[in-house]
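# Pasting the sequence and the predicted coordinates here, then a few questions.
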Amino acid sequence: MEHLDALENQSIYILREAYKKFKKLAMLWSIGKDSTVLLWLARKAFFGHCPIPLVHIDTSYKIPAMIAFRDELVREWNLRLIVGQNTAALADGMGPERGRLTCCTALKTEGLQLLMEERGFTGLILGIRRDEEGTRAKERYFSPRDKHFEWNYKDQPPELWDQFKTDFDADTHIRIHPLLHWTEIDVWEYIKREEIPIIDLYFAKDGERYRSLGCWPCTGRVKSNATTIDEIIAELRSTNTSERAGRAQDQEDTYAMQKLRAKGYM
Amino acid sequence: MSTSIETPRASISIVIVGHVDHGKSTLVGRLFYDTDSLPEGRYEAVARVCEQTGKPFEFAFLLDALEEERDQGITIDTARAQFHTALRDYVLIDAPGHKEFLKNMVSGAAAAEAALLLIDAEEGVQEQSRRHGYLLHLLGIRQVVVVINKMDLVGFEQWVYEDVRREYLDFLAALGVHPQAVVPVSAREGDNIARNSEHMPWYDGPTVVEALDAFAARTSREHLPLRLPVQDVYKFDHRRIIAGRVEAGAIAEGDTVLFSPSGHRGVVKSIERWHSPRTGPAQAGESIGITLTEQLFIERGEIVSHVADAPRAGTELRANLFWLGDRHLAPGRPYVLKLATQEIPCAVAGVSGVINTATLGNVEAHEVAKNEVATVTLSLKAPVAYDCFTDIVETGRFVLVDGYDVAGGGIVLPPVENDFTI
C-alpha cells in the first residue's frame, strides 16, 4: 500500500473508534493545515459527513484571515462549529505581555477547558503530530487527561495493536490524536493529492510565509519563496529548521512545551 | 533545485530495545547524527543544555525530551522519530529499558516491523535483554539485529564480542529467534553505526545502517483469507453502511460473505469510499464501508469473511500472554477481552505455565504478576470470532482490560486436541 494511503487508513480507523466510543466528542479545529487535514479525514471516515462538532478556541489574537477562512469552510461544508473564548481572562487584560506561557495557558488551555466543561465533552480530537516537537513524540493515539486537564506523561497507558484506552472513570477525559504518525511533509503531500482547501497564509508573500499558524503576536514567518504546495514540499525537503521555530512560546524555556502540555496545552 | 515531487519513499518502523543504560537513546541520537537526519539547531541546542549542566555531549538528549529523562539519564516513555538512509525512510521507536516502563516498551515495540536488540559489551546479557527478546518474539517481530554497544569500553576486543554474542544467540535460539546480524559498535564514538570501524578490523559484518537496510518490508496481507472486523454501522443518509478496516484478504462487490460469530450471511452490494482515487475491491489495510443487498442486523464486533474461509469461533481461548497490570492476573476476576473490534467479558479458567522471561524456565503459579508471561486459558461470556496468531496476525491477538486499563496482551494458540474424542 502506498505511504499516504497507509497514513490515511490508519487515521480513519482511529476517527471511527473515537466516534464509536465517545458520545460527547468534539474536534479541535485551529484552521491550520493539520486540523484542516483532520477535518478532511473525518469526512472520509464518515462518507462525506462530519458528525463530530468542531471547536475553535478564539484567543482574540488570531490572524484575521484565519477567521474568514474558517467561516467560509463552515458554510461550504455545512459544519457544526462551536467557538470558545476565555472572556473573563480577556476582560481582565490577558495578553502575551503578561508572559507568553501565562497567556497560552489562560487563553488557549483554560479557554478550551471552560468550553469542554460547559458542553460536557469527554473526548477531544486534535491534529498534533509526533514530529512537531519532543514531548508530542511521546504521545499516545488515545491519551487520558484528569479532571484538571493534566497529562500524566510519566504513566501513560500501554497502546498496542490498535487497541486503545476507551474505558475510563467519570473524571477523566480522553484526547485523541489521529494524525500522530504523520510528518509535516506527509501533510503537504496529502493536501496536494486530495486538493484540500488550505489558508493562503502558508504561501510566501514578499519573501516570507507562515510555516505554523497561531496567534499573531507570537507567530513568526519564515523566509521563503514557496508560493505553491510543490514549492513548500521542495523547501521542506531541503530545510533542517524545525517546524515550530516561529512559535515564540516554545522558546521561552527548555521544557516550555512539556510544562504547557502537562497542564493541558494542545 | 528541482521543485518536482519525489515519489514517496518506502518506510519501515524499527524499535530499539534492551536493558536500561545499555545505550539505546545514544544509539538513536547517533543514527540521526551520522545519517544527517537532525533538524537544524537540534545538535547545538543539546550541546548547550549539556554545557550548562556540565555534562559531556549526550546523544541521548536528542530524543529524551522530558526534563526527568534528561535529569535521570533514562528514557521513560517511548519516542518516535524519523530518519533516512540512502535506501529508505525509517521510523525509529526508542523504547525504555527500565523494568518499570515495560508497558511503554511494549507500546513502542508493538508498532514495529523489525527490532534492534542492544546489549552493553561490558555488562553483557541482562534481565531486560532477555525479557525484551522474549517479548519481541511474543509480539510477533521476527526480524531482529543484535547490537553489542560500548565496545570502546572493552578495548574493542573481539573475544568480549564473541562471548556476549554466543550467550545471547543461545538464549534467542531457544525462542526460535535468529538475528540477521550481530554488530559490535560504539554508539558514543560512532563505530560501525554508519561507517565501518577502524578499531575493529576483525569484524567483517554489516554496520547498523547496512543491517537496517537489509530488513525486509512488511509482507502483503492480501493473499490471506478475508477478515473485515465491523467497526460501526452508519446511517448518515439513506443508506446503511457497514464500516471497518480490511485486516486481511480482499472484498469485492457481489461477494457472498459470512458474519462471525453470528453466522449471518449477506451479499456485498457495494464497496463504499469517499473522495478516493481507488475503486473496485478493497484490499488489506483499507478503511472502507460496505452495503449489503439485503438489510441484516449487524453490530460492531462481527468479523466479515468469505463463507469458505471463516474464522474460528468459540467461548474458550488458549493464549500466550504478557501481563502489565499492577494487580495480578488471577482466576475468578472479571476482565474484558478486546480482539479486533470485539469486546467480550471473560475470566481466566486456567494458568498452565508462568514463564520466567529471564531464564525461560517454567514457574508453578496460579496467578500472573506484572511483567510476567504465561500460557492461559480464557473462558468467555459469549462466543468470540478469532484466528490463531500463526494463521492471521490481526485477528489472532488481543488485549485484556482490567477495570479501565489495558493490562495485558496475548496471542492465540491453536486449541489443544481433545484426547477424548471418539
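Looks like it came in fine. Numbering: from 1, shown residues only, chains lettered A, B, ... in the order given.

# Can the helix or strand A:Tyr13 falls within be said to contact chain B?
Here A:Tyr13 is covered by helix A:3-21, with elements defined by DSSP states H and E. Yes. Helix A:3-21 comes into contact with chain B (CB under 8 Å from any CB of the partner chain), by way of A:3-6, A:8-10, A:12-13, A:16-17, A:19-20. Using the backbone N, CA and C atoms, a C-beta is placed for each residue, glycine as well.

# can you list contacts of that helix?
Contacts of helix A:3-21 from elsewhere in the structure, counted by CB atoms under 8 Å, 6 or more residues apart in numbering or on different chains, are A:1, A:25, A:38, A:41-42, A:44-46, A:51-52, A:123, A:125, A:141-142, A:162, A:164, A:166, A:176-179, A:181-182, A:186, A:189-190, A:193, B:8-11, B:231-232, B:243, B:245, B:278, B:285-287, B:300.

# Would you mind listing which of the residues you listed are buried?
A:1, A:25, A:38, A:41-42, A:44-46, A:52, A:123, A:125, A:141-142, A:162, A:164, A:166, A:176-179, A:181-182, A:186, A:189-190, A:193, B:8, B:11, B:231-232, B:243, B:245, B:285-287, B:300 (16 or more other CB atoms under 10 Å in any protein chain shown).

# Return the subset of the residues you listed lying in strands.
A:Leu25, A:Gly123, A:Ile125, A:Phe142, A:Ile176, B:Ser11, B:Gln231, B:Asp232, B:Ala243, B:Arg245, B:Ser287 (DSSP state E).

# What separation is there between the first one and chain B?
Translated: A:Leu25. 13 Å (CB to the nearest CB, to the nearest Å).

# Equivalent analysis for the fourth one, please.
The span separating A:Phe142 from chain B equals 10 Å under the rule CB to the nearest CB.

# That residue reaches A:Phe168, doesn't it?
No. Counting by CB atoms under 8 Å, A:Phe142 sits too far from A:Phe168 to count as a contact (9.5 Å).

# Check the contact lists of the two and give me the overlap.
A:Ile174.

# Model confidence score at the residue in the stretch 101-250 of chain B positioned nearest to chain A, please.
Of all residues in the stretch 101-250 of chain B, B:Ala110 sits closest to chain A, at 3.4 Å by CB to the nearest CB. Per-residue confidence (pLDDT) for B:Ala110: 80.

# tell me the phi and psi of it?
phi -60, psi -20 (degrees, to the nearest 10).

# Show me what the nearest residue to it once chain neighbours are set aside bridges to in the sheet.
Distances taken as CB to CB, 6 or more residues apart in numbering or on different chains put A:Leu160 closest to B:Ala110, at 3.4 Å, once the chain neighbours are dropped. Per DSSP bridges, the residues bridged to A:Leu160 are A:Gln163.

# gap between A:Leu160 and B:Val15?
12 Å (CB to CB, to the nearest Å).

# Spell out which residues are contacts of both of those two.
Shared contacts of A:Leu160 and B:Val15 (CB under 8 Å, 6+ apart): B:Ala111.

# Surely A:Leu114 forms part of a helix?
Yes. Under DSSP: H, G, I helix; E, B strand; the rest coil, A:Leu114 falls within a helix.

# which regions of the stretch 51-200 of chain B sit below the pLDDT cut-off?
B:58-81, B:95-101 (pLDDT under 70).

# Where do the helices of it begin and end?
B:67-72, B:102-109, B:127-138, B:158-175 (DSSP state H, counting those that start in this stretch).

# mind giving me a markdown table with those helices and columns for mean neighbour count?
Output for the helices of the stretch 51-200 of chain B, formatted as a markdown table (neighbours: other CB atoms under 10 Å in any protein chain shown):
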| stretch | mean neighbour count |
| --- | --- |
| helix B:67-72 | 16 |
| helix B:102-109 | 26 |
| helix B:127-138 | 23 |
| helix B:158-175 | 16 |
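
# CSV for those helices, including distance to B:Val28?
As requested, the helices of the stretch 51-200 of chain B are arranged in CSV below (distance: least, CB to CB, whole Å):
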stretch, distance to B:Val28
helix B:67-72, 13
helix B:102-109, 12
helix B:127-138, 15
helix B:158-175, 20
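
# can you pull the contacts of the closest residue to B:Val208 other than its chain neighbours?
Excluding the flanking residues, the one nearest B:Val208 by CB to CB, 6+ apart is B:Ile193, at 5.1 Å. By CB under 8 Å, 6+ apart, the contact set of B:Ile193 is B:Leu27, B:Arg30, B:Leu31, B:Asp34, B:Val185, B:Ala187, B:Thr207, B:Val208, B:Val209.

# repeat for B:Leu317
Shown in contact with B:Leu317 (CB under 8 Å, 6+ apart): B:Leu337, B:Thr377, B:Leu378, B:Leu380, B:Val384, B:Tyr386, B:Phe398, B:Val412.

# Just want the angle from whichever strand or helix holds it to helix B:102-109.
Following DSSP H and E, the helix or strand that holds B:Leu317 is strand B:312-323. Between strand B:312-323 and helix B:102-109, the angle comes out at 120 degrees (axes from the mean of the first three to the mean of the last three CA atoms, to 10 degrees).

# Pairing partners for strand B:312-323, with directions?
Note on strand B:312-323: by DSSP bridges, its sheet partners are strand B:373-386 (antiparallel), strand B:405-412 (antiparallel).

# would a markdown table of those with mean neighbour count and distance to B:Met151 be doable?
Shown next, in a markdown table, are the strands paired with strand B:312-323 (neighbours: other CB atoms under 10 Å in any protein chain shown; distance: least, CB to CB, whole Å):
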| stretch | mean neighbour count | distance to B:Met151 |
| --- | --- | --- |
| strand B:373-386 | 20 | 31 |
| strand B:405-412 | 24 | 35 |
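
# Just put those in JSON lines and tack on mean pLDDT.
Formatted as JSON lines, the strands paired with strand B:312-323 follow (pLDDT from 0 to 100):
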{"stretch": "strand B:373-386", "mean pLDDT": "94"}
{"stretch": "strand B:405-412", "mean pLDDT": "91"}
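
# Now tabulate the ones you listed in CSV and tack on distance to A:Ile67.
Formatted as CSV, the strands paired with strand B:312-323 follow (distance: least, CB to CB, whole Å):
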stretch, distance to A:Ile67
strand B:373-386, 49
strand B:405-412, 41
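
# Mind checking those strands for the one nearest to A:Leu112?
strand B:405-412 (25.6 Å; CB to CB).

# any residues touching the closest one, and which ones?
With CB under 8 Å, 6+ apart as the criterion, strand B:405-412 contacts A:157-161, A:163, A:165, A:167, B:106, B:110, B:138-140, B:317-325, B:327, B:329, B:335, B:338, B:368, B:376, B:386-389, B:396-402.

# Can I get that strand as CSV, trimmed to CA atoms?
Taking C-alpha atoms only, strand B:405-412 is exported to CSV below (Å, rounded to 0.1, in the frame of the first residue of the first chain):
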residue,chain,number,x,y,z
ASP,B,405,-7.0,-0.2,31.8
VAL,B,406,-5.4,-2.3,29.1
ALA,B,407,-3.4,-4.6,31.4
GLY,B,408,-2.1,-7.3,29.2
GLY,B,409,-1.8,-8.6,25.6
GLY,B,410,-1.7,-12.0,24.1
ILE,B,411,-1.6,-14.2,21.0
VAL,B,412,-4.0,-17.0,20.3
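
# Who are the packing partners of the helix or strand that B:Val354 is a member of?
With elements taken from DSSP H and E, the one containing B:Val354 is strand B:342-355. For strand B:342-355, the elements it packs on are strand B:335-339, strand B:362-363, strand B:373-386, judged by 3 or more CB pairs under 8 Å, 6 or more residues apart in numbering or on different chains; DSSP states H and E.

# In the stretch 1-150 of chain A, which residue sits nearest chain B?
Here the stretch 1-150 of chain A gets closest to chain B at one residue, A:Gly134, 2.5 Å apart by CB to the nearest CB.
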